Structure formats: structure tokens, C-alpha cells
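Asks: can you look at this prediction? I've put the sequence above it.
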Amino acid sequence: MSLLATIKNISEFVGQEVRLGVWLHIKRSSGKIHFLQLRDGTGFIQGVVVKSEVSEETWNASKSLTQESSLYVTGIVRKDERSKIGYELNVTGIEIIQIAQEYPITKKEHGTDFLMDHRHLWIRSPRQRAILAIRGEIIRAIQEYLNQNGFTLVDPPILTPTSAEGTTNLFHTKYFEEDAYLSQSGQLYMEAAALALGRVYSFGPTFRAEKSKTRRHLIEFWMIEPEMAFVEHEENLQIQEEFVSHIVRSVLKNCKRELETLGRDVSKLEKVVAPFPRITYDNAIEFLQQEGFDIKWGEDFGAPHETALAEKFDKPVFITHFPTELKAFYMKPDPNRPEVVLAADLIAPEGYGEIIGGSQRIDDPELLEQRFKDHNLSMEAYKWYLDLRKYGSVPHSGFGLGLERTVAWICGIEHVRETIPFPRLLNRLYP
Ligand code: 4AD
Ligand code: MG
């Protein structure tokens, strides 16, 4: 009997007897047969218990199982065309670990608040499990791409004395006698690391006290921030499109069953192959005006604008050369046209919004000092950052990929709250 079997790799065990540690998801009964929907974390399988074929002890054990009871099940793996996964388990034995108390999440429709209050249990459901499995695959693919392309993982601090992305949405805390803030982005530290290691990336949580209650905003989210010395604007975009294509390709290859559970239209994902289209901010504004939007040059895009732009393409699209005034202090102005910066946002298709923000960084010390003044930033606090431009400054670029928005897009789900195990939202810190 194999102890190595899991539901995910059950196809390797056809005709063999296996023993699995499982939970009962749903039980259906037709008198002399029980159909047990079992889950082991790697997937779901139907176990069939036939009264006339098992011991009385096993039959009674099967009878006593409540939803989410835990058990070891023994059975013979059979190919079954009618089954979703193509296999079934002919149950031969049951060892109960625990009979679960009445489970709060039932087959009836529950409201979002109820489900979010029970997030610790909700993640066991087929849909939520599929989303988290895809999140795991996305993380794996991210690390694979970056590790294979010469990037070194570097960890920036979480507690910081200054802001990286603007001062409006910082989480404040005391750091003994000093003031500190939870990191909004590791970027500034990654720039220092890029000048030490060439190509680097960080992968960690970031915090934004955003008062926005939208389907795209979390208070705590995970960001991947690659930063590259000697890389300029155009090459920055090429790396991003290859990186995103690699992520999508990996999910299509390794998460077929999960995408099916979610009912994802994979034909849309199959089109996500580099190169991606590029459109300048100028052209984007012109297009939006033609479409009847009331938006002027110099204004930022909102969700409806991003969705309208994305609808023109069946791949993610880069919006480039934003007005300098609109963007962060560190972005490098276009030398031919200083009123715009060498930056790009990558907008996902199907209305999922911005998944990447990136730019070439200012490398000239005088210009950077000027930008500190323009943005009323304390020279003292950013002294170390200015040093990077004094001692062997080089052109360098980087970007930040928002993990949860990427998961939402690839999974095709409505709200980012389902893309992270325990979401931190405007009105939610529990569980
Ligand atoms: O565009 P952002 O603010 O860029 C930065 O923080 C840069 N320092 C990154 C860099 O160049 N190293 O954020 C990057 C991405 C966004 O495109 C979005 O996908 C995600 O982070 N993001 C959020 N995701 C969920 N909830 C929020 N509140 C988010 N804010 C940004
Ligand atoms: Mg942005």
C-alpha cells in the first residue's frame, strides 16, 4: 500500500490501495452507498463506500462522518470517466481522527461578511483553495524567473524612517523615541542594493493606509520589486513583459485543475505572450477624450479609464511617459521632454487595472536634490539615498508587481480580498 499518494498525484496509483489523510467535504448517501467528497489539501476526490463490500465497523464510521471530520481513508484507486478529476476511491477502510462539530459554512449561500469572518475555515472550500494554490504557483514562477535571470533576492526593512511613495498613506508607529512607518515599498533600499549586486529583487509585504474601499485595494499587500543597474526605460519594459508572460505560462501549465475549478476562460490567458502593446500617456488621454471621458492632460487615471484602455487590447498594455508632476519624486524625466517621466504602468486586461508600476530612476544628484525640494521632502532623511548618486551613479530602473492584483487577474476573480489568505481591508483586521 502506498503512503506517498496524494489526490493531486492519484493518477499514478490506479488499481492500487492507498491510504490518505483527509477531511470530509460533503457526504451524499443512497441507502446502501455513501459518496464521500474528500479533500487532502492537494485536491478533491470522491470516495465510494458500499455497505455490502466493507466491514460493519467501516460502514458505521462512514455513517458517523460529519462535514469537515478528519480521517484516514484506505481505498483502491479506480479510473472513472464521470468524475471531475477522472478518478475515484473505492473505500476499504476508515480510521476516524475527529468527528467535527457542526460546521458553520454550509451549502447555502453565505454573505461576504459572514465568509470573511470565517476566513480561517473558508479557505478550505474548493474555490478558495484553488485561488491560494494559484497564488503559490505565481510566487514559485516569480522566483524561478528572477533566479534564472541573474537577480539576487535582497530583503529591505519593514520599519522605515521615511516614505518611498508619498506621504499620504503611511502607517505610523513609534520606534522607541523616534517616529517610524511601515514600508510602502522597498524600492529606495533596492536601489542601494542594485548598486551593490547589479540585479536584485525584493519580495515582501507592504502597507498602505489607503482609505479607498475598492475591489483592487488592500491595506497590506505583497509586492515584488526588481531593481536593475545599467538598465534603462525600454529594457525595463522588456523585462516586465517577459516576466509577466512567464508567470501566466507557468499557471496555465501547472494549475489546469485549479483554473477549471474557478471557471477561468484560459483562452484569454493564452494570448498573454510578450511583447505587450505600449501607449503613451498623451495618446491614452486623447483616446479617452474621444471615448467621451471628461479627462484633461495632467490628470491621473481612475479605474474606469484603465478599464477603457485595457479593453482595446487582449494583452496587458504599458502606459508610458506620464506627466512628471503626477508621479513619484524619484522618476527620471525624459531628457527630450522633461514634463514627462520615463515610467510605465502595466494595465492588465479584462478590467483588472494596474498590476505593475515602474520607472527609470533619477541618476543625477543635482536633479534629485531639486526634486526633494519640489516635493517638500527632508534632505536629512534622504541623505543616504542621495549618496547613491554621488558615488558611481549609473542609469538604473525597476518596477513593482502587485501580487494580489496579479492573482485576481489570472484567477479571473472579482475582488482582491480573495487573493490573500487573510486580507487586511479598510474595515477588517479579523481573523
Ligand atoms: O505603483 P506602485 O505604488 O509602485 C511602487 O510602489 C514602486 N515603488 C514600485 C517600484 O518601482 N519598485 O505599486 C506597485 C504595484 C501596483 O501596480 C499595484 O499592482 C500594487 O503594487 N498595489 C496594490 N495592490 C493592492 N492594494 C494596494 N493598496 C496597492 N497599491 C499598489
Ligand atoms: Mg502605481
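Replies: Structure's in. What do you need? Ligands and ions are numbered 1, 2, ... in the order given.
Asks: going forward, measure contacts and count neighbours with C-alpha atoms only.
Replies: OK.
Asks: what ranges in the protein fall below the confidence cut-off?
Replies: Applying pLDDT under 70 to the chain picks out residues 1-3.
Asks: spell out, range by range, the helices that occur in the protein.
Replies: 56-64, 112-117, 119-122, 126-148, 187-197, 233-254, 256-261, 266-270, 281-290, 303-310, 365-374, 383-387, 403-411 (DSSP state H).
Asks: quick check: residues of the stretch 1-150 of the chain near ligand 1?
Replies: By CA under 6 Å from any ligand atom, no part of the stretch 1-150 of the chain sits against ligand 1.
Asks: where do the strands sit along the stretch 1-150 of the chain?
Replies: For the stretch 1-150 of the chain, the strands defined by DSSP state E, counting those that start in this stretch occupy 17-29, 33-39, 44-50, 70-79, 87-98.
Asks: which parts of the last one are buried?
Replies: Neighbour-count burial for strand 87-98, with 16 or more other CA atoms under 10 Å as criterion, is recorded at 87-94, 96.
Asks: now the angle from that strand to strand 33-39?
Replies: Comparing the axes of strand 87-98 and strand 33-39 via axes from the mean of the first three to the mean of the last three CA atoms, to 10 degrees yields an angle of 80 degrees.
Asks: give me every residue in the stretch 151-300 of the chain lying close to ligand 1.
Replies: Listed as neighbours of ligand 1 in the stretch 151-300 of the chain under the rule CA under 6 Å from any ligand atom: 165, 185, 187, 208, 216-219, 221, 223, 225.
Asks: hmm, try it at 8 Å
Replies: 164-165, 184-188, 190, 207-208, 210, 216-227 (CA under 8 Å from any ligand atom).
Asks: and for the closest residue to I105 other than its chain neighbours, the neighbour number?
Replies: Once flanking residues are discounted, I105 sits nearest to W122: 7.3 Å by CA to CA, 6 or more residues apart in numbering. The tally of other residues near W122 (other CA atoms under 10 Å) stands at 18.
Asks: same deal with the one 4 residues further on?
Replies: For P126, the count of nearby residues is 17 (other CA under 10 Å).
Asks: so who does it touch?
Replies: Contacts for P126 were tallied using CA atoms under 8 Å, 6 or more residues apart in numbering; they are 43-44, 261.
Asks: about what we covered before: if I look at the residue nearest to I105, how far off is P104?
Replies: Distance from W122 to P104, counting by CA to CA, to the nearest Å: 10 Å.
Asks: picking up where we left off before, which one of the contacts of P126 is nearest ligand 1?
Replies: For the contacts of P126, the residue nearest ligand 1 by CA to the nearest ligand atom is T261; the value is 24.1 Å.
Asks: residues contacting that closest one?
Replies: Residues near T261 by CA under 8 Å, 6+ apart: 126-127, 130.
Asks: I'd like to know how many residues surround the closest residue to I94 other than its chain neighbours.
Replies: Here the nearest residue to I94 in space, its sequence neighbours aside, is V73; by CA to CA, 6+ apart that works out to 4.7 Å. Here the number of neighbours of V73 (other CA under 10 Å) works out to 23.
Asks: could you do R337 as well?
Replies: Neighbour number of R337 under other CA under 10 Å is 11.
Asks: please name the bridge partners of it.
Replies: D334 (DSSP bridges).
Asks: report the separation between it and ligand 1.
Replies: 21 Å (CA to the nearest ligand atom, to the nearest Å).
Asks: renumber starting at 19 from here on
Replies: Got it, first residue is 19 now, which makes that one R355.
Asks: so what's H414 closest to, chain neighbours aside?
Replies: Closest residue to H414 apart from its sequence neighbours, by CA to CA, 6+ apart: A247 at 4.4 Å.
Asks: return the residues in contact with that neighbour.
Replies: Here A247 is in contact with 212-213, 216-217, 412-415 (criterion: CA under 8 Å, 6+ apart).
Asks: among the residues you listed, who's most crowded?
Replies: S415 (30 neighbours).
Asks: nearest residue to it other than its sequence neighbours?
Replies: Nearest residue to S415, sequence neighbours excluded (CA to CA, 6+ apart): Q378, at 4.1 Å.
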